[in-house]
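Chemist: below are the sequence and a predicted model for it; my questions follow.
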Amino acid sequence: MRDTPRQWARDEFLISTDRSRLDLDMVHRYLAQSYWAAGMPRSVLERAVENSLTFGIYHGPRQVGFARAISDLATYAYLSDVFVIEDYRKRGLSKWLMECVLEHPDLQGLRRFALFTRDAQGLYERYGFAPARGASTYLERWAPNVYGNGRT
């Protein structure tokens, strides 16, 4: 993906889309233990980051959060892998991250912006996300054990 890196600053925090700043070791450790990407190989994360619009949250040099948008930058985007590490929760960082994602110039005018969440509906609903309309038209091929971990 050939996007122009952007950044937003608030207090002592920075959100940046510059892939070169990402702490992929930290992101991989978190995602490989998450319920949605358990066991994800590092090589898969690297390929996903290379082909997504990424957002890192930084406190000084330390990365404390992450999100990525998978998009054609014209009609559709899928928000994925959103997290803020435990020590930095309850500071409004996830809300600020969502604001930055949704105001990013490359993600404007999309017909559909989708995501899946098991436990954060309240966060996303405040930004206009809702259950899919016409749910009977939604189809998927789901491979929950694609990383060979046996967890779902």
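Modeler: Received the coordinates, thanks. Just so you know, these numbers come straight off a predicted model, no measurement behind them. Residues are numbered from 1 along each chain as shown.
Chemist: which strand residues sit across from the residue most central in space within the chain in the sheet?
Modeler: In the chain, the centroid-proximal residue (CA atoms, centre = their mean) is A67; its distance is 2.4 Å. Per DSSP bridges, the residues bridged to A67 are F55.
Chemist: so who does it touch?
Modeler: T54, F55, L79, S80, D81, V82, F83, L97, V101 (CB atoms under 8 Å, 6 or more residues apart in numbering). C-beta coordinates here come from the backbone N, C-alpha and C atoms, glycine included.
Chemist: do I85 as well
Modeler: Applying CB under 8 Å, 6+ apart, one finds that I85 lies in contact with M26, Y30, V64, G65.
Chemist: low-confidence ranges, this structure, go.
Modeler: 134-137, 139, 149-152 (pLDDT under 70).
Chemist: helices of the protein, start to end?
Modeler: Secondary structure of the chain by DSSP state H: the helices cover 24-33, 42-50, 93-103, 121-125.
Chemist: would you format those helices as JSON lines with distance to P131 and mean neighbour count included?
Modeler: Listed next are the helices of the chain as JSON lines, based on distance: least, CB to CB, whole Å; neighbours: other CB atoms under 10 Å:
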{"stretch": "helix 24-33", "distance to P131": "25", "mean neighbour count": "17"}
{"stretch": "helix 42-50", "distance to P131": "26", "mean neighbour count": "14"}
{"stretch": "helix 93-103", "distance to P131": "18", "mean neighbour count": "18"}
{"stretch": "helix 121-125", "distance to P131": "9", "mean neighbour count": "13"}
